[in-house]
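*Asks:* Structure here, sequence nowhere to be found:
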C-alpha cells in the first residue's frame, strides 16, 4: 500500500476545507449570534461605572473632499488617520451586546464604514473569499452581499499548512474606504481596484453594483497562488491599501513597495517602486500630500501632472533587527497620523529593538532635514514593546497601545494575555519636544483603538489573563484626560471573539462595533 505524497495530502485538505467554507458561507439573512465558548458564566460581565460625557476640545481633521464625512469613511476614521469619531460612543449605561456570525471558518469584519443613512458597510474575510456586506446597524441583519475573490494567502496557507500567512496578510480589501458618494473603493486579490455602489431594486431589496473596475496587472506582478495555480514560478505583489488624494486620484500601494495612482476620469495608471521595501499598512492623505510608511522609511508624496507619484521627502527610522511578536513585518506597524493644531505634524512608531519609540516629524516639504524630527519618545517596557496599529491623534495629543506578544487568535487561548499597556504623549505647544501625559496598564492585544471626541472616552478591546483558562473579551472605556478605566463590558468568550487586528468603530447612533474572528460585535447603551 503506497503512502500518499505531501502534495496529495495537501490537495485532499484543499478540497475538504473549500467544501466546508462554501457550505458555511453566510447567505443574505438575519443575524446569527457568535457562539460563546465555555466559561462565560464564570467571569464578570460589567465592571466600573457609567461615565459622564465630557467632549474633548479641539478641531477635527479637515474634511477630505473625496471621502465620506469624518468618522464614517474607513478603518482610521478619516483621511488624516486620526482614529477619532465625532459621535458619542457608549457611556457604559447598562450596555447591551449583540453579534453576527459571518462564517463557521473565519468571517472577521475588519473595516466598518457608514453610508449617509447610517447603514453599515464592511468587508468580512472567510476561507471562501472576502464578502462586501451591507448591514442593518441595529440588528446586524445582512441587507446585501457581494463576493470578492479569495486571497492567494488563504490558498497558500492551506496548501502549505501554514495559516500564519492569513493572519499577516493585509491585502484583498481589508483596507477600503467609503467615498463622498457612499461608494466602496477597494483593491481585490486580483490586483484590480473596484468602485462599488449600493442601492435598492424595484422590489426594495438591496444590491451592490460595480461602477468601475481598474486593472493594475500591467503594473503589478500577479503570478499568485490559486486553486488553478498552486505552484507559480513568478512574483505576486498584492495591493494592500487604497486612498484618494485631494484631487480625487485613487492612490494604491503594494506589499512589495509599489506606489501608484488611478485617474478615475481617464483610467490612466502610474506607479513608482520603492525598491527593497515593503508596505503592509494603510496610508494617510491631506491637502499637502500623501503620507506612506514602508518597513524602512516614512514618505511624503505628491502626484505630478500626469499622476506619477513623486517623493517630496523621505525620513528613515530605526527598523530594528527583526520582526517582533506583535508585528506583521520588520518595520513600523503604524499608518501615519497627520495632526497638530496647524496640521503641521506627522507621527509613526519605529521598530527599535529594546523599546519602541513614538516619532513626531514636521511635515512641510521645505523643512530642513536637521529640523524635521520633533521628538522621539520610548514607550512601554524594555524588550516588550511594539505596535501594529495606528496611533490616535487629536489636537497635539497621541495615544499608542502595546501589541507585543500577539501573533494570531491561537496566541491568547487558555487564559493567556499580553503584557499590554497604552500611553498618551503630547507635543509641547511650542513644538520643542513631547511629554508623556499618562500610562495605562490596559491589555489591548491587537485592536485599532478609537477616541470619541464627543464624550472624551478612548475605546480598547481588552483581554486579561485568567487562572482558570477562560478567554474573556471586553470593550473597555478609558478616560482620554487621565488614562483611567471608566468601565468595561464583556463581549464574549473564546477565539471567535478575538479581534485579530480589526478596529473598534463608533457609529453615528453611538454603537461601538468590533470586528472579531467570526464576524462583528456591537455594544450600545441600553435605550
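*Replies:* Nice, thanks for sending it over. Predicted model only: the values in this text are computed from it and were never measured. Numbering: from 1, shown residues only.
*Asks:* alpha carbons only for contacts and neighbour counts from here, please
*Replies:* Will do.
*Asks:* State the next helix or strand along the chain beyond the helix or strand hosting residue 259.
*Replies:* Per DSSP states H and E: residue 259 is located in strand 258-262. Sequence order places strand 269-273 as the next helix or strand after strand 258-262, per DSSP H and E.
*Asks:* which residues touch that following strand?
*Replies:* Applying C-alpha atoms under 8 Å, 6 or more residues apart in numbering, the contact partners of strand 269-273 are 216, 219, 257-263, 306-309.
*Asks:* again with stretch 352-372
*Replies:* By C-alpha under 8 Å, 6+ apart, the list of residues contacting stretch 352-372 from outside reads 312-313, 318-321, 344-351, 373-386.
*Asks:* And that stretch, end to end?
*Replies:* Separation of the first and last residues of stretch 352-372 by C-alpha to C-alpha, to the nearest Å is 19 Å.
*Asks:* just stretch 122-141 next, same as before
*Replies:* 13 Å.
*Asks:* Also stretch 114-131?
*Replies:* Terminal-residue distance, stretch 114-131 (C-alpha to C-alpha): 16 Å.
*Asks:* Please identify the buried residues of it?
*Replies:* 114-115, 118-131 (16 or more other C-alpha atoms under 10 Å).
*Asks:* same check, this time on stretch 360-369
*Replies:* So, applying 16+ other C-alpha under 10 Å, buried residues of stretch 360-369: 360, 361, 362, 363, 364, 365.
*Asks:* before we move on, what about stretch 227-238?
*Replies:* Those buried within stretch 227-238 under the rule 16+ other C-alpha under 10 Å are 227, 236, 237, 238.
*Asks:* sorry, back to before: now intersect the buried residues of stretch 114-131 with the strands, please.
*Replies:* 114, 120, 121, 122, 123, 124, 125, 126, 129, 130, 131 (DSSP state E).
*Asks:* for these, which one is nearest residue 152?
*Replies:* Distance to residue 152, by C-alpha to C-alpha, is smallest for residue 129 among those, at 9.9 Å.
*Asks:* quick one: the closest one and residue 160, what's the gap?
*Replies:* Residue 129 is 18 Å from residue 160, where distance means C-alpha to C-alpha.
*Asks:* With residue 283 instead?
*Replies:* Applying C-alpha to C-alpha, the value for residue 283 to residue 160 is 31 Å.
*Asks:* higher neighbour count, those two?
*Replies:* Of the pair residue 283 and residue 160, residue 283 is the one with more neighbours under other C-alpha atoms under 10 Å, namely 28 against 13.
*Asks:* thought that one was touching residue 243?
*Replies:* Yes: applying C-alpha atoms under 8 Å, one finds residue 283 in contact with residue 243, separated by 7.4 Å.
*Asks:* re the thing from before, point out the least confident one among the ones in strands among the buried residues of stretch 114-131.
*Replies:* Minimum pLDDT across those is recorded for residue 129, with 82.
*Asks:* Distance of that residue relative to residue 148?
*Replies:* Applying C-alpha to C-alpha, the value for residue 129 to residue 148 is 6 Å.
*Asks:* can you list the weak-confidence ranges in the stretch 1-150 of the chain?
*Replies:* 1-29 (pLDDT under 70).
*Asks:* And the strands in it?
*Replies:* Taking DSSP state E, counting those that start in this stretch as the test, the strands found in the stretch 1-150 of the chain are 46-48, 84-85, 96-101, 106-114, 120-126, 129-135, 142-147.
*Asks:* Let me have the ones you listed in JSON lines, adding distance to residue 509 as columns.
*Replies:* Listed next are the strands of the stretch 1-150 of the chain as JSON lines, based on distance: least, C-alpha to C-alpha, whole Å:
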{"stretch": "strand 46-48", "distance to residue 509": "22"}
{"stretch": "strand 84-85", "distance to residue 509": "12"}
{"stretch": "strand 96-101", "distance to residue 509": "14"}
{"stretch": "strand 106-114", "distance to residue 509": "10"}
{"stretch": "strand 120-126", "distance to residue 509": "11"}
{"stretch": "strand 129-135", "distance to residue 509": "14"}
{"stretch": "strand 142-147", "distance to residue 509": "18"}
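*Asks:* out of these, nearest to residue 34?
*Replies:* Of all the strands of the stretch 1-150 of the chain, strand 96-101 sits nearest to residue 34, with 4.8 Å by C-alpha to C-alpha.
*Asks:* partner strands of that closest one, parallel or antiparallel?
*Replies:* According to DSSP bridges, strand 96-101 forms sheet pairs with strand 519-524 (antiparallel).
*Asks:* The strand it pairs with to strand 106-114, inter-axis angle?
*Replies:* 50 degrees (axes from the mean of the first three to the mean of the last three C-alpha atoms, to 10 degrees).
*Asks:* so how far is residue 406 from the nearest residue to residue 43 once chain neighbours are set aside?
*Replies:* Distances taken as C-alpha to C-alpha, 6 or more residues apart in numbering put residue 472 closest to residue 43, at 7.5 Å, once the chain neighbours are dropped. As judged by C-alpha to C-alpha, residue 472 and residue 406 stand 16 Å apart.
*Asks:* Ok, residue 375 next?
*Replies:* Residue 375 is 27 Å from residue 406, by C-alpha to C-alpha.
*Asks:* Between the two, tell me which one has more neighbours.
*Replies:* Between residue 375 and residue 406, counted using other C-alpha under 10 Å, residue 406 has the larger neighbour count: 26 against 20.
*Asks:* Confirm that that one sits in a strand.
*Replies:* No: applying DSSP: H, G, I helix; E, B strand; the rest coil, one finds residue 406 to be coil, outside a strand.
*Asks:* And the buried residues of stretch 227-238, which is closest to residue 47?
*Replies:* Once C-alpha to C-alpha is applied, the member of the buried residues of stretch 227-238 that ends up nearest residue 47 is residue 238, at 42.8 Å.
*Asks:* how about residue 474, secondary structure?
*Replies:* strand.
*Asks:* what about it, how many residues close to it?
*Replies:* Residues lying near residue 474 (other C-alpha under 10 Å) number 23.
*Asks:* Could you do the one 3 residues further on as well?
*Replies:* Other residues within reach of residue 477 by the criterion other C-alpha under 10 Å amount to 30.
*Asks:* Contacts only, for it.
*Replies:* Contacts of residue 477 (C-alpha under 8 Å, 6+ apart): 457, 458, 459, 460, 485, 486, 487, 488.
*Asks:* show me where pLDDT drops low in this structure?
*Replies:* Using pLDDT under 70, the chain drops low at 1-29.
*Asks:* Relative to residue 363, how far out is residue 264?
*Replies:* Distance of residue 264 to residue 363, computed by C-alpha to C-alpha: 28 Å.
*Asks:* Same question for residue 68.
*Replies:* Counting by C-alpha to C-alpha, the gap from residue 68 to residue 363 is 25 Å.
*Asks:* likewise residue 525?
*Replies:* Between residue 525 and residue 363 the computed distance is 40 Å (C-alpha to C-alpha).
*Asks:* do the same with residue 36
*Replies:* According to C-alpha to C-alpha, residue 36 and residue 363 sit 47 Å apart.
*Asks:* Next up, phi/psi of residue 370, please.
*Replies:* Main-chain torsions, residue 370, degrees, to the nearest 10: phi -70, psi -20.
*Asks:* Now for it, how many residues are close by?
*Replies:* Neighbour number of residue 370 under other C-alpha under 10 Å is 6.
*Asks:* any idea how far it lies from residue 362?
*Replies:* Residue 370 is 11 Å from residue 362, by C-alpha to C-alpha.
*Asks:* What residue, apart from its backbone neighbours, is nearest residue 130 spatially?
*Replies:* Residue 130's closest residue in space is residue 148 (C-alpha to C-alpha, 6+ apart), at 5.0 Å.
*Asks:* so of the contacts of residue 477, which ones are in strands?
*Replies:* 457, 458, 459, 460, 485, 486, 487, 488.
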